[in-house]
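Colleague: quick one: sequence and predicted model below, then my questions.
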Amino acid sequence: MTGPGDRSGTDAGQGAAAPSGGFRKGAFGVSGSGDTSGFGGLVRVEPGGAVALHSTDRPYGGYFDEVTDALIEAVGQATYDAAVQRVLVDRGEITYFVAREHLSTVVQALRDDEALRFELCSSVSGVDYEGSGGPATTPGRPRLHVVYHLTSMTYRRRIRLEVAVTVEDPHVPSVTSVYPTADWHERETWDMFGVVFDGHPALTRILMPDDWDGHPQRKDYPLGGVPVEYHDATIPPPDTRRSYR
Amino acid sequence: MSTTYDPADPYAGSRETTEGRVYTVTGGDWDQTLGTEAYGEERLVVNMGPQHPSTHGVLRLVLDLEGETVTKARVVIGYLHTGIEKNTEYRTWTQGTTFVTRMDYLAPLYNEAGYCLAVEKLLGVQAPPRAQTIRVLVMELNRIASHLVALATFGMEMGALTGMTNGFRERELVLDLLEEITGLRMNHAYIRPGGLAQDLPPGAVEHIREFLEAMPARVADFHKLLTGQPIWQARLKDAGYLDVTGCVALGITGPVLRAAGLPWDLRKVEPYLGYETYDFEVPTADTCDAWGRYLVRMAEVNESLKIIEQALDRLEPGPVMVEDKKIAWPAQLSLGPDGMGNSLEHVKHIMGQSMEALIHHFKLVTEGFRVPAGQVYVPIESPRGELGYHVVSDGGTRPWRVHVRDPSFVNLQATAAMSEGGMIADVIAAIASLDPVMGGCDR
C-alpha cells in the first residue's frame, strides 16, 4: 500500500481514485495512461492537469478584447467581475469561466447586446474532469463542467462559456429561455453527466432509456461486465482491463 | 402490460391506461376499431416509428391529431445510441477516427475531417497541402453522395419512387470512387490526425474526371424527373415552413437555414482547409419550406462538382502525412499481391534492419502520441449543417472528452415548429427536408 514516500497516491485496485499531486505511476500496473508497453516514462509529472487554472492577461488579442469590453459595458463592471471568474485564451479560442449565479444575465447580454449579437448557441456539452490529474480535481474543486459554444453570425465570432459545478450540487440555470436550441443539448448533458438545468421545460433523458440508472459519461461510471471463462483462461471484465484504465 | 383482445375484432386490442383507453391497431378501419364509443373524442395520438420507413431510421414521432391536423409533434430519439463519444475515451487519438466515422454514416468523411482538424488544432500541426486538397476532394464527393441519398429518401417518402432508385444509382458512382480512393464504401477511416491514411491510388484522378463529366447530365435528369413535376411541387411547397428567426433560435444550420434565405456556409464564413481559395457559390432560396431545401441541395451538388474540379487541378505531388515522426503513422499502406496492407518495405525495415524503428512502430501503434492538454471546438460544414467537434485533452494518449455537435441532433428539434398546425402528410415532407441521419443524431 501507499507509503509515506510514495507520491503516486493511488493504486491499481482503487480504479477511479484520482491521483493526487499530479503524479502518475508508470510501469506495469499502469493506470490512466495509454502506455501499454510500460516504458512510457515511469513517473510522469503533469504540471497543470487537463484544466489550466491560470487566467490570461489583457490584451487577449483578435476580437476577444472587443467582445470582453462589450460584455463589460452590457452587464456593468461589477456584474462582470462577479460573473466571470477568469478568462483563458488558448489555441485561438477564448473561454469565459462564468459563475452559475450570473449565467442567465451573461447569456442574455451576449445574445441581445448590439455589440455582441451571439445569436446562435452552437453546442452545449459536459466534461467530467474527475481524475484528470493536476490540481484541478483536488477535493472541493468542481469537477463537472458545462461548456457552451456561442456563435455570432453578425460579427462571425465564436466564444466559449464554461460553468463548473460539483457532483454534490450539480445545478446550473437553463439557458433554454434565451437559446431554445439548448433544449436537447441540456437534456443530453443531464442524461450523460447528471447536471441539473434549473428552469428547463422538461429535463428528461434523451439518449439513454428513461429508466436508466446513473450518468454514463461520468468518469467514475462503472463500465460493468463480468469475468468470462474460456478454455481455462479468465478474461477479466472491461473495467479491470488495463486498456480501459 | 396486458393487452386484452376484443374477440369480435382480432385486429385492435385495447387497454386502459391513466391517459384513457389505448388501442393497438394492426389492421382494419378506424370506425371498426373504435366503434361508436370514441366518436365524441377528437384528439387522437398516433405513434409513428421507431421502425417506420418514413422516419429515416429509428426515429419515433408522437403526433397529436385532430382530424388530419397535427396539434402537437413530439420527437423521441436515442434508439441508435451507441456510446461512440464514451468509446473514444478508451482508444488512442488515431483510433478515434474509426469511431467518429460511424456516427453520421452518410457523411463519414466529414466526421473524420472534423475530428482530425480538432486533434491537429490541439497538437498545433497542419496537414501538408496535398493532404488538405485531397480532404476537400473526398469531402465534396461525400457531399454529393449524401445529398443524393437525401433526394432519394425524399423521393421515396413523397411517393416518387423513381427518385429513390435514381438517387441511389447515382450515389453508387460516388461510392465506387470513394472505395477506390479509401478502400471502403463507408466508414473509411481515411482522414487521420496529421494527414491521410494513404495517397490517391493511380488512376483515381482519371476516374474522378470521368465522374465529373457524367454527373451534370444526371443532375439534369433529376430536374427533369422531379423539379417540374406538379405533384412533387404540390407536396413540397409550403410544407415544413421555418424562417430565419426560427432557424437561428432553434440552432438550425445547413441547407435548411440557407433555404430560409441566410447564406450561412462555414466554408465561406469561417473557411478551413483552404476553402477560401476555391471558387464556388452558396446556393440559397427564400421560400423557407421543403421545396426551397430541395432546390438548395440540388444546387449544392453542382457547386461541389465545381470544387472537385478545382481540387483536381491543383493537386501537386507531395507528402500526405505530417513530417513529425512522433505523430505520423509509422506504416504506409501499399497494394500487395494479397490486397492492401502494410508496405513490404516498411515490414522489412522494422523486422530486419532497425530495432529502434520496431520500438518506434510498436509504441506509436499501441500507445499512440500524446496531445497537449487543452480544449478546442472546430466547426465544419457537413451536408446537414454545422458539425462541431469539442475535443478535450488532458495531455495523454487518449481523448479526455470528445463531444460532437451533430447537425441531425440539433435540426430535429425543428420538427415541432415545422409541423404543428399543418397536415399529417406534411410532417413527412418536413422531416425528409431536414435530412436527419439517426446514427449522427444518437451517436
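Modeller: Noted; the coordinates are in hand.
Colleague: show me the shaky parts of chain A.
Modeller: Chain A contains residues with pLDDT under 70 at A:1-53, A:133-140, A:242-245.
Colleague: quick one, helices of it?
Modeller: In chain A, the helices defined using DSSP state H lie at A:64-75, A:77-83, A:103-112, A:182-193.
Colleague: tell me how far B:E179 lies from B:A204.
Modeller: Distance, B:E179 to B:A204, using CB to CB, to the nearest Å: 11 Å. The way it works is simple: take the backbone N, C-alpha and C, and place the C-beta from them, glycine included.
Colleague: so who does residue 216 touch?
Modeller: Defaulting to chain A. By CB atoms under 8 Å, 6 or more residues apart in numbering or on different chains, A:P216 lies in contact with A:M192, A:M208, B:G83, B:K86.
Colleague: chain B is the one I meant
Modeller: By CB under 8 Å, 6+ apart, the residues touching B:P216 are B:N302, B:L305.
Colleague: how much space between it and B:L305?
Modeller: According to CB to CB, B:P216 and B:L305 sit 7 Å apart.
Colleague: hey, where'd the strands end up in the chain?
Modeller: Went with chain A since none was named. Secondary structure of chain A by DSSP state E: the strands cover A:23-25, A:43-45, A:84-90, A:93-98, A:120-128, A:144-152, A:157-165, A:171-173, A:196-198, A:228-230, A:233-235.
Colleague: my bad, chain B
Modeller: Going by DSSP E, chain B shows strands at B:12-17, B:20-25, B:43-48, B:60-66, B:69-76, B:191-192, B:195-196, B:333-336, B:339-342, B:374-382, B:385-393, B:401-405.
Colleague: out of those, nearest to A:A70?
Modeller: strand B:374-382 (20.8 Å; CB to CB).
Colleague: elements contacting the closest one?
Modeller: strand A:93-98, strand A:120-128, strand A:144-152, strand A:157-165, helix B:108-123, helix B:266-269, strand B:385-393 (3 or more CB pairs under 8 Å, 6 or more residues apart in numbering or on different chains; DSSP states H and E).
Colleague: the stretch 201-350 of chain B against chain A: which residues are in contact?
Modeller: B:V248, B:A249, B:L250, B:G251, B:I252, B:T253, B:L262, B:W264, B:V269, B:E270 (CB under 8 Å from any CB of the partner chain).
Colleague: poorly predicted segments of the stretch 301-443 of chain B, please.
Modeller: Along the stretch 301-443 of chain B, the parts satisfying pLDDT under 70 run over B:332, B:335-336, B:339-340.
Colleague: make JSON lines from the strands of chain B and add mean neighbour count to it.
Modeller: Output for the strands of chain B, formatted as JSON lines (neighbours: other CB atoms under 10 Å in any protein chain shown):
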{"stretch": "strand B:12-17", "mean neighbour count": "14"}
{"stretch": "strand B:20-25", "mean neighbour count": "14"}
{"stretch": "strand B:43-48", "mean neighbour count": "14"}
{"stretch": "strand B:60-66", "mean neighbour count": "17"}
{"stretch": "strand B:69-76", "mean neighbour count": "18"}
{"stretch": "strand B:191-192", "mean neighbour count": "28"}
{"stretch": "strand B:195-196", "mean neighbour count": "26"}
{"stretch": "strand B:333-336", "mean neighbour count": "13"}
{"stretch": "strand B:339-342", "mean neighbour count": "12"}
{"stretch": "strand B:374-382", "mean neighbour count": "24"}
{"stretch": "strand B:385-393", "mean neighbour count": "26"}
{"stretch": "strand B:401-405", "mean neighbour count": "25"}
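Colleague: now distance to A:T56 too, for those strands, in TSV please.
Modeller: What follows is the strands of chain B, written out as TSV (distance: least, CB to CB, whole Å):
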stretch	distance to A:T56
strand B:12-17	57
strand B:20-25	58
strand B:43-48	51
strand B:60-66	46
strand B:69-76	41
strand B:191-192	32
strand B:195-196	31
strand B:333-336	43
strand B:339-342	45
strand B:374-382	13
strand B:385-393	18
strand B:401-405	22
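Colleague: which ones are touching the residue nearest the centre of chain A?
Modeller: A centroid search over chain A (CA atoms, centre = their mean) returns A:V127, at 2.8 Å, as the residue closest to the centre. Applying CB under 8 Å, 6+ apart, we find A:V127 in contact with A:L144, A:H145, A:V147, B:Q375, B:V392, B:W400, B:R401, B:H403.
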